[in-house]
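Trainee: Give me coordinates for this.
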Amino acid sequence: MRKMLLLWVLLLSSVSGELVAQTANRDNPAVPGRVINIDFNRAAGPLNTMFNECVGAGRANEGLRADWQQQLAYVRKECGFRYIRMHGLLTDDMAVYTEDSKGNPVYNYMYIDALFDFLQSIGIKPFVELGFMPSALASGSKTIFWWRGNVTPPKDYEKWGALIADLTRHFTARYGADEVKTWYFEVWNEPNLDGFWAGTQEEYFKLYSHAVKAIKSVNASYRVGGPGTAGAAWEPEMIEYCRRNNVPIDFISTHAYGVKQGYLDEFGHSGTVLDKNPASLSGDVLQSRKEIAASPMPYLELHYTEWSASYTPADPIHDSYHEAAYVLQKLKQVGKAANSMSYWVFTDIFEEPGPRFTPFHGGFGMLTIQGINKPVFYAYQFMNQLGDTELVNKDTASWVCRDSTGNIQALVWDFTNTHPGDSVHNQQYYIRDLPSKSKGKLKISIANVPAGTYALELYKVGYHCNDAYSTYLSLGKPAQLGRQQVAQIKQQNDGSPVSREIITIKDRGTFSEELEMRENDVYFLNLIKL
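Mentor: Numbers count the residues shown, from 1 in each chain. Now for the predicted structure:
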């Protein structure tokens, strides 16, 4: 009888163990290993660097602040941006335009000169957005944002054209025609949205026509375009208008964001939801390129002069480690469809809703107001460190490159949209502590690496790694940060390598590295030949 009981116990234990194991496997399914195989000798061609062609900033007047300038110089150095675009160049706080007692225009470019001279000094060019309307030239009083950018059409289109022509002559005299030929001039911002343009589409085309003719009258080689719309709108209409009316255009510009709800929500009150569609945002860019290719002007450049995961400067996804992987994924998907993708924006020194009162408020910036690096900053820093030759690579979430001295760089990531869907807004979801789940092993293998001794540096961004917001959470989310707290957050998220080692590769050997990958991790491997 005891033997029978013992057998039953053993049998039940075995069945129970199998059930437990099956349940565990369902809860934690085996994740297939991800392998990236590269041949050092197989080059795909020059690396496409449209990702750091341009970056955004809030408004021109903010560019006169010392902290804004310090942060831009830092971001320019670390991330390599070549152009910067911003609103409000012609707004009243830049003191550009007024009229005398007889209604004659009076021009003043002192503030613009101070800003553009600074840009020149750090080696970054203006992507000139022409807007908003000086109040002395405006046909109405409708404004947008805390700083009251006037969004009405000009009361006199001839005076509008004269202002643009005079400003263009001023740029030419101050910086030289050869320099200004390298700039871009974009007419207005998001005229398809009532908040940004109080006129009709026809009136926008009239505004554009007067501006482009004014600029081209100074120098026909200067590059002008538009319509700078939200949501990839008006592109075929813009091209058709210019064709039909023989109006010059050198590029198409537009904007896209990765959330599903409407636009122009600077306070985040309506709530946003990160789109679950894997082709969100990048699909807009690819469609824009198709529309241009099918148009009578298939040669036009395409510039996305604003883009990000979310259109509101009150969305905590911008502060989250998820943003770094999101940005890399979208840029990889876009490929060569765009000539530039201008991330909106480089700093939280950004006052569309007015000055902000908390250090992490979901601002657009790569840096907080206090200059703390967010995870997305490191995504751009890593891209800027890639070599100039891209290697053939079938993996859809990585770049592997080499440079002229034989160094090798690999930037790899996982993007997993963990957002639960429409039931929860970003404003409730991304403010939480969001631990990442395992995605299994990642193996990088690079064949035919030249023999030699190499320093291998490994960098990472992810949950609790160069994740400044999680450090802020650990401090109890203070409404204000003291100097020591800012220093602590910066020190704990300073982008230092997570590991360093010296390795030796024998003649035409293979380099391989295995990494633990978790949701939304970003790794940068730098193999430096000594």
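
Trainee: what bridges to the residue positioned nearest the centre of the chain?
Mentor: The structure's the chain has its C-alpha centroid closest to Tyr343; by C-alpha atoms, centre = their mean the separation is 2.4 Å. Applying DSSP bridges to Tyr343 yields these beta-bridge partners: Val55, Trp307.

Trainee: The nearest residue to Thr368 once chain neighbours are set aside and Phe118: what is the separation?
Mentor: Spatial nearest neighbour of Thr368, excluding adjacent residues (C-beta to C-beta, 6 or more residues apart in numbering): Asp348 at 5.0 Å. For glycine as for every other residue, the C-beta is placed from the backbone atoms N, C-alpha and C. When distance is defined by C-beta to C-beta, to the nearest Å, Asp348 is 19 Å away from Phe118.

Trainee: Compare neighbour counts for those two and give me the winner.
Mentor: Counted by other C-beta atoms under 10 Å, Asp348 and Phe118 do not tie: Asp348 has more neighbours, with 27 against 16.

Trainee: What distance do you get for the more buried one to Gly149?
Mentor: Between Asp348 and Gly149 the computed distance is 19 Å (C-beta to C-beta).

Trainee: can you confirm Tyr523 is in a strand?
Mentor: Yes - secondary structure of Tyr523, determined by DSSP: H, G, I helix; E, B strand; the rest coil: located in a strand.

Trainee: these two touch, right, it and Leu411?
Mentor: Yes - in this structure, Tyr523 sits in contact with Leu411. The criterion is C-beta atoms under 8 Å, and the distance is 7.5 Å.

Trainee: what's the weakest-modelled helix or strand in the protein?
Mentor: Averaged element by element with mean pLDDT, DSSP states H and E, the chain has its least confident helix or strand at helix 2-27 (a mean of 37).

Trainee: So in that sheet, which strands flank the next helix-or-strand element following that one, and in what orientation?
Mentor: Of the helices and strands lying after helix 2-27 in sequence (DSSP states H and E), the nearest is strand 34-39. Taking DSSP bridges as the criterion, strand 34-39 forms sheet pairs with strand 438-449 (parallel).

Trainee: Tell me which residues are up against the strand it pairs with.
Mentor: Outside of strand 438-449, the residues that reach it under the criterion C-beta atoms under 8 Å, 6 or more residues apart in numbering are 30-41, 400, 408, 410, 412, 414, 416, 505, 508-519, 521, 523, 525, 527.

Trainee: Same question for stretch 385-392.
Mentor: With C-beta under 8 Å, 6+ apart, stretch 385-392 has contacts from 38-40, 42-48, 399-404, 407-409, 411, 524, 526.

Trainee: now do the same end-to-end measure for it.
Mentor: 18 Å (C-alpha to C-alpha, to the nearest Å).

Trainee: what does the average pLDDT come to for it?
Mentor: Here the mean pLDDT over stretch 385-392 is 98, rounded to a whole number.

Trainee: same question, stretch 144-162
Mentor: Per-residue pLDDT values across stretch 144-162 average out to 97.

Trainee: Just the buried residues of it, please?
Mentor: Buried residues in stretch 144-162, counting neighbours by 16 or more other C-beta atoms under 10 Å, are found at 144-145, 147-154, 157, 159-162.

Trainee: In strands only, show me those residues.
Mentor: Using DSSP state E to define strands, the subset of these located there is Ile144, Gly149, Asn150.

Trainee: was I right about the first one contacting Phe196?
Mentor: In other words, Ile144. Yes - at 6.3 Å, Ile144 and Phe196 qualify as touching, with contact defined as C-beta under 8 Å.

Trainee: Which neighbours do the two have in common?
Mentor: Going by C-beta under 8 Å, 6+ apart, residues that sit against Ile144 and also against Phe196 are Val151.

Trainee: quick one, helices of the stretch 201-350 of the chain?
Mentor: Here the stretch 201-350 of the chain has its helices, by DSSP state H, counting those that start in this stretch, at 201-218, 235-245, 282-293, 322-334.

Trainee: Dump these to a markdown table, plus mean pLDDT and mean neighbour count.
Mentor: Written out in a markdown table, the entries for these read as follows (pLDDT from 0 to 100; neighbours: other C-beta atoms under 10 Å):
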| stretch | mean pLDDT | mean neighbour count |
| --- | --- | --- |
| helix 201-218 | 98 | 20 |
| helix 235-245 | 98 | 17 |
| helix 282-293 | 97 | 18 |
| helix 322-334 | 98 | 24 |
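
Trainee: Which among these is found nearest to Gly362?
Mentor: The minimum distance between Gly362 and these falls on helix 322-334, with 10.4 Å, by C-beta to C-beta.

Trainee: what about stretch 495-502, average pLDDT?
Mentor: For stretch 495-502, mean pLDDT is 97.

Trainee: contact partners of it?
Mentor: Contacts of stretch 495-502 from elsewhere in the structure, counted by C-beta under 8 Å, 6+ apart, are 373, 378, 381, 453-460, 465-466, 530.

Trainee: CA-only coordinates of that stretch, as CSV, when you get a sec.
Mentor: Written as CSV, here are the backbone C-alpha positions of stretch 495-502 (Å, rounded to 0.1, in the frame of the first residue of the first chain):
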residue,chain,number,x,y,z
GLY,A,495,26.4,58.6,-21.0
SER,A,496,29.6,56.9,-19.8
PRO,A,497,30.4,53.5,-21.3
VAL,A,498,28.8,50.6,-19.4
SER,A,499,31.9,48.6,-20.2
ARG,A,500,35.3,48.9,-21.7
GLU,A,501,37.8,46.2,-22.7
ILE,A,502,40.8,45.6,-25.0
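
Trainee: Next, the buried residues of that stretch.
Mentor: Of the residues in stretch 495-502, those buried by neighbour count under the rule 16+ other C-beta under 10 Å are Gly495.

Trainee: Show me how far that stretch is from its chain's centre.
Mentor: Counting by C-alpha atoms, centre = their mean, to the nearest Å, stretch 495-502 is centred 26 Å from the centre of its parent chain.

Trainee: One more: stretch 114-124?
Mentor: Here the centre of stretch 114-124 is set off from its chain's centre by 21 Å, with C-alpha atoms, centre = their mean.

Trainee: just the CA coordinates of it, formatted as CSV?
Mentor: Only the C-alpha atoms of stretch 114-124 are listed here, as CSV (Å, rounded to 0.1, in the frame of the first residue of the first chain):
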residue,chain,number,x,y,z
ALA,A,114,22.5,88.7,-32.8
LEU,A,115,20.9,85.4,-33.1
PHE,A,116,22.2,84.5,-36.6
ASP,A,117,25.7,85.7,-35.7
PHE,A,118,25.6,83.2,-32.8
LEU,A,119,24.5,80.4,-35.1
GLN,A,120,27.4,81.2,-37.4
SER,A,121,29.8,81.2,-34.6
ILE,A,122,29.0,77.6,-33.6
GLY,A,123,28.8,76.3,-37.2
ILE,A,124,25.1,75.8,-37.6
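
Trainee: tell me the average confidence for it?
Mentor: Stretch 114-124 carries an average pLDDT of 98.

Trainee: Would you mind listing the buried residues in that stretch?
Mentor: Burial within stretch 114-124, assessed by neighbour count using 16+ other C-beta under 10 Å, is assigned to Leu115, Phe116, Phe118, Leu119, Ile124.

Trainee: picking up where we left off before, for the residue nearest to Thr368, give me its contacts.
Mentor: Asp348 touches Pro313, Arg356, His361, Gly363, Phe364, Gly365, Leu367, Thr368, Ile369, counting by C-beta under 8 Å, 6+ apart.

Trainee: Try it again at 10 Å.
Mentor: Contacts for Asp348 were tallied using C-beta atoms under 10 Å, 6 or more residues apart in numbering; they are 58, 71, 313, 318-319, 356, 359-372, 374.

Trainee: what does Gln71 give?
Mentor: Contacts of Gln71 were listed using C-beta under 10 Å, 6+ apart, and they are 57, 65, 346-349, 365-371.

Trainee: Leu473 in helix, strand or coil?
Mentor: Reduced to three states with three-state DSSP, the structure at Leu473 is helix.

Trainee: residues in contact with it?
Mentor: With contacts taken as C-beta under 10 Å, 6+ apart, Leu473 has the following neighbours: Phe360, Ile431, Arg432, Asp433, Asp467.
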